[in-house]
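**Student:** pasting the sequence and the predicted model now:
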Amino acid sequence: MEQFLVDATLEVFASMIPLDIAPEPAGCDAPAVEPDISSLIGLAGDLKGVLAVHCPASVALGVTSAMCGGMEVTAMDEDVKDALGEIANMVAGGLKISLAGQDKKIELSIATTCIGKSIRTGGLAGATRAAVVFATPAGRFRLELRYILA
């Protein structure tokens, strides 16, 4: 599942966001990503769970600036929430397309985005967790999927 997340995220950035990103190796000793903003997409159908994008403010601002054609974004506002929600939506869509190739049907909810310190998310009881950290010029962000696959 981690590879599906990596592939979908790299595709989103390659096609929509002119910003170099790279997945960090699993199990690396880098410090945890402490988010100031998180965007979540609910998943239903053959894959049940939650996909989340977690970013520190500096990364969210850098990514939003890149999405806005290089216009400098300096405030954690609705534009940043919309940008992170769109990234979560596009990554979830990529995941949906990848799993459709394995005859899995997935439905996506509308993104919910929260700004705040020490954001923590949960998921389904008994769910499996897949997480990938990506490095950008502005810092690191984490993609997380808590899921049950039917």
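**Tutor:** Thanks, I have the structure now.
**Student:** quick check: buried residues in the lengthiest strand in the chain?
**Tutor:** As assigned by DSSP state E, the longest strand anywhere in the chain is strand 139-149. By neighbour count on 16 or more other C-beta atoms under 10 Å, the buried set for strand 139-149 is G139, R140, F141, R142, L143, E144, L145, R146, Y147. Bear in mind the C-beta positions are built from the backbone N, C-alpha and C, glycine included.
**Student:** can those go into TSV with extra columns for pLDDT and distance to L40?
**Tutor:** Compiled in TSV, the buried residues of strand 139-149 are given as follows (pLDDT from 0 to 100; distance: C-beta to C-beta, whole Å):
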residue	pLDDT	distance to L40
G139	94	20
R140	95	19
F141	96	14
R142	94	13
L143	94	11
E144	93	9
L145	93	11
R146	94	10
Y147	95	13
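**Student:** of all those, which comes closest to I17?
**Tutor:** For these, the minimum distance to I17 (C-beta to C-beta) is 11.8 Å, reached by F141.
**Student:** what bridges to the closest one?
**Tutor:** F134 (DSSP bridges).
**Student:** isn't it up against V133?
**Tutor:** Yes: taking C-beta atoms under 8 Å as the definition, F141 is a contact partner of V133 at 7.3 Å.
**Student:** this completes my enquiry, with thanks.
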